[in-house]
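Enquirer: Need the 3D shape of this:
(one chain, ligands or ions: 1)
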Amino acid sequence: MNLAAIMQSEAALLLPTYERNPVLFTRGRGVYLWDSRGKRYLDFLSGIGVNALGYGHPAIRKVLSKQSSKLIHISNLFFHEYQAELAKRLTAMSGLDRAFFCNSGTEAWEGALKLARAYAHEHSRNGHKAKWRMLALENSFHGRTFGSLATTHPAKYRAPFAPLLPGVNFVGFNDLHDLNRQFDGSVCAVCLETIQGEGGIRQVSPEFLQLARDLTHKHGALLVIDEIQCGLGRTGEYFAYQHYGIQPDIVTVAKPLAAGLPLGAILASNEVASCMHPGLHGTTFGGGPLCCAVAIEFLKQMQLLLPHIREVGNYFRLKLEQLAKKHPAIREVRGSGLMLGMEIESADLAKVVARKLLEGGILINRTHETVLRFLPPYIIEMKHVEVVTRAIDLALSGSKSATQSKIVPKSPTRARSNS
Ligand SMILES: Cc1ncc(COP(=O)(O)O)c(C=O)c1O
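Expert: Residues are numbered from 1 along each chain as shown. Just a heads-up that it's a prediction; the model follows:
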């Protein structure tokens, strides 16, 4: 079927949940994708942070082919070789003690919220109601299932499904006063993304994270950190919270963990994990042998790439900051490592830039309306950064902005090369 036929079929047959770009991708290799007409795209989105090793990575292909011929799924009623090995690596990287494997980001986050409530029940004193409130942050995004939605802030995701999980309150982003004001003895967990992804690549301040850690420690509550988008090497550390020098009680990961296969994980301290017992939580597919074998290989590759992520990430950020000096329409450059965002003065202009890049064979996306989001594969090189920043420069130079460009571009029609 060609693109037009597929679009027509999907329009008739699928729930209308997505507004897809009219591109039919048929294959990928390295940092590139090809569509059905043979057009090549440089991928700076990596399937929203999933394809962190790009496409067709030889080490991943090797594990996939070997393991898929041995065993794909066995259920959690039996043992296989890889869950403990994967848990060993993730706990060593995170400073936590135990793991639970599931299928997606939202499933990991749901499990983390359940764990926080179970811990609160376990630690409630005789005759006292267990702590139940959860504090989440303004602009947060934690997924689409009910608990995740309840801790996700924007009304557009939540309102049509109300009533959601009770007991969740939102704290102003990086607002120390508001956190102090809303925190009391009824709070069982403070839940946050270290760098908000869907919320527009916004970093939690060190002071805010420290206060969240201090308050939760002091009152026997938990610090639950969502590293589904910012974790697993994305910022140049194993986990983004490691830039802050704090240790959470529960961490969730997913997206790149199995290099494109669906796999998520909850990581927890021994103290928190001790409130679980057989039958209290589970999943059919989560942590199958194929996904776990691939994830072990992903972690090995990610570990090797950390210095590269920091180096290319710093270079990319520098180039984006240079663009910000040139184009007043760029309000701010934010993020860390290879999780970067560029705030544009209006949603319309951000949309135009993303569209022009797509037309020119570059994939990025727009989040929080006005933010261009960059989540490239960890294997990009400086030359790819050059291509993308040059394309943004051209797109902004040739687009109407409310404010004028500070410098007139030398050659607005120069041809783009994607090599
Ligand atoms: C920070 C964060 N948490 C949770 C999720 C939900 O993950 P999934 O879409 O795999 O359910 C996402 C997805 O974008 C995310 O960015």
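Enquirer: which of the residues in stretch 95-114 are buried?
Expert: Residues 96, 98-114 are the ones in stretch 95-114 that count as buried (16 or more other CB atoms under 10 Å). In this view, the C-beta of every residue, glycine as well, is placed from N, C-alpha and C.
Enquirer: among those residues, which are in strands?
Expert: Within the buried residues of stretch 95-114, membership in strands is found for 98, 99, 100, 101, 102, as judged by DSSP state E.
Enquirer: so can I have CSV of those showing pLDDT and distance to the ligand?
Expert: Putting those into CSV (pLDDT from 0 to 100; distance: CB to the nearest ligand atom, whole Å) gives the following:
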residue, pLDDT, distance to the ligand
98, 98, 20
99, 98, 17
100, 98, 15
101, 98, 14
102, 98, 10
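Enquirer: how about the residues you listed in CSV, adding distance to residue 18?
Expert: Formatted as CSV, these follow (distance: CB to CB, whole Å):
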residue, distance to residue 18
98, 35
99, 31
100, 29
101, 27
102, 23
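Enquirer: Show the end-to-end separation of stretch 322-340, please.
Expert: Here the two ends of stretch 322-340 are set 14 Å apart, with distance taken as CA to CA, to the nearest Å.
Enquirer: quick one: pLDDT of residue 128?
Expert: At residue 128, the pLDDT value in this model is 76.
Enquirer: Can you classify it by secondary structure?
Expert: State at residue 128, reduced to three classes by DSSP: H, G, I helix; E, B strand; the rest coil: coil.
Enquirer: What distance do you get for it to residue 115?
Expert: 20 Å (CB to CB, to the nearest Å).
Enquirer: same deal with residue 290?
Expert: Applying CB to CB, the value for residue 290 to residue 115 is 26 Å.
Enquirer: now residue 334
Expert: Counting by CB to CB, the gap from residue 334 to residue 115 is 30 Å.
Enquirer: more crowded one of the two?
Expert: Legend: neighbour count by other CB atoms under 10 Å for residue 334 and residue 115, higher for residue 115 (25 against 19).
Enquirer: wait, what's in contact with that one?
Expert: 250, 266, 268, 272, 273, 275, 276, 281 (CB atoms under 8 Å, 6 or more residues apart in numbering).
Enquirer: Likewise for residue 317?
Expert: Going by CB under 8 Å, 6+ apart, residue 317 touches 333, 335, 340.
Enquirer: Most neighbours among the residues you listed, which one?
Expert: With neighbours taken as other CB under 10 Å, the top of the contacts of residue 317 is residue 335, carrying 27 neighbours.
Enquirer: rewinding a little: return a ChimeraX selection command for the buried portion of the contacts of residue 115.
Expert: ChimeraX command restricting the contacts of residue 115 to the buried ones, with burial defined by 16+ other CB under 10 Å:
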select :250,266,268,272,273,275,276
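Enquirer: Which of the contacts of residue 115 fall within helices?
Expert: In helices, defined here by DSSP state H, the members of those are 272, 273.
Enquirer: Buried residues in the lengthiest helix in the chain, which are they?
Expert: The longest helix of the chain (DSSP H) is helix 289-326. Buried residues in helix 289-326, counted by 16+ other CB under 10 Å: 289-299, 301-302, 305-306, 308-310, 312-313, 316-317, 319-320, 323-324, 326.
Enquirer: before we move on, what about stretch 44-59?
Expert: 44, 45, 46, 47, 49, 50, 51, 52, 53, 54, 55, 57.
Enquirer: okay, the residues you listed in TSV with pLDDT next?
Expert: Converted to TSV, these look like this (pLDDT from 0 to 100):
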residue	pLDDT
44	98
45	98
46	98
47	98
49	98
50	98
51	98
52	98
53	98
54	98
55	98
57	98
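Enquirer: and which of these is nearest residue 259?
Expert: When those are ranked by distance to residue 259 (CB to CB), residue 53 comes first, at 5.4 Å.
Enquirer: surely that closest one meets residue 261?
Expert: No. With contact defined as CB atoms under 8 Å, residue 53 does not count as touching residue 261 (12.0 Å).
Enquirer: Who are the contact partners of residue 319?
Expert: 385, 386, 389.
Enquirer: Looking from the ligand, tell me which residue of the stretch 101-250 of the chain is nearest.
Expert: At 2.1 Å from the ligand, residue 105 is the closest residue in the stretch 101-250 of the chain, using CB to the nearest ligand atom.
Enquirer: Show me what from the stretch 1-150 of the chain comes close to the ligand.
Expert: 48, 104, 105, 106, 109, 141, 142, 143 (CB under 6 Å from any ligand atom).
Enquirer: Check which residues of stretch 381-401 are buried.
Expert: Here stretch 381-401 shows 384-385, 387-397, 399, 401 as buried, counting by 16+ other CB under 10 Å.
Enquirer: Tell me the one of the residues you listed nearest the ligand?
Expert: For these, the nearest to the ligand is residue 388 (21.4 Å; CB to the nearest ligand atom).
Enquirer: Quick check: beta-bridge partners of residue 99?
Expert: Legend: beta-bridge partners of residue 99 under DSSP bridges are residue 267.
Enquirer: Assess the claim that it and residue 265 are in contact.
Expert: Yes. Assessed by CB under 8 Å, residue 99 is found in contact with residue 265 at 5.2 Å.
Enquirer: Overlap of the contact sets of those two?
Expert: With CB under 8 Å, 6+ apart, residue 99 and residue 265 have common neighbours 86, 90.
Enquirer: Now for the residue lying closest to residue 238 once chain neighbours are set aside, how many residues are close by?
Expert: Excluding its sequence neighbours, the residue lying closest to residue 238 (CB to CB, 6 or more residues apart in numbering) is residue 93, at 4.2 Å. Residues near residue 93, counting by other CB under 10 Å, number 21.
Enquirer: pretty sure residue 93 is touching residue 298, no?
Expert: No. With contact defined as CB under 8 Å, residue 93 does not count as touching residue 298 (12.0 Å).
Enquirer: circling back to that earlier point, mind checking how far the residue of the stretch 101-250 of the chain closest to the ligand is from residue 167?
Expert: For residue 105, the distance to residue 167 - CB to CB - is 21 Å.
Enquirer: Also residue 133?
Expert: Where residue 167 is concerned, residue 133 sits at a distance of 5 Å (CB to CB).
Enquirer: more crowded one of these two?
Expert: Neighbour comparison, residue 133 and residue 167: the larger count goes to residue 133, with 19 against 15 (by other CB under 10 Å).
Enquirer: Just confirm the more buried one contacts residue 168, I think it does.
Expert: Yes. Contact criterion CB under 8 Å: residue 133 and residue 168 qualify, at 7.4 Å.
Enquirer: in which helix or strand would I find the residue most central in space within the chain?
Expert: Geometric centre of the chain, nearest residue: residue 229, 1.3 Å, by CA atoms, centre = their mean. Using DSSP states H and E, residue 229 falls within no helix or strand.
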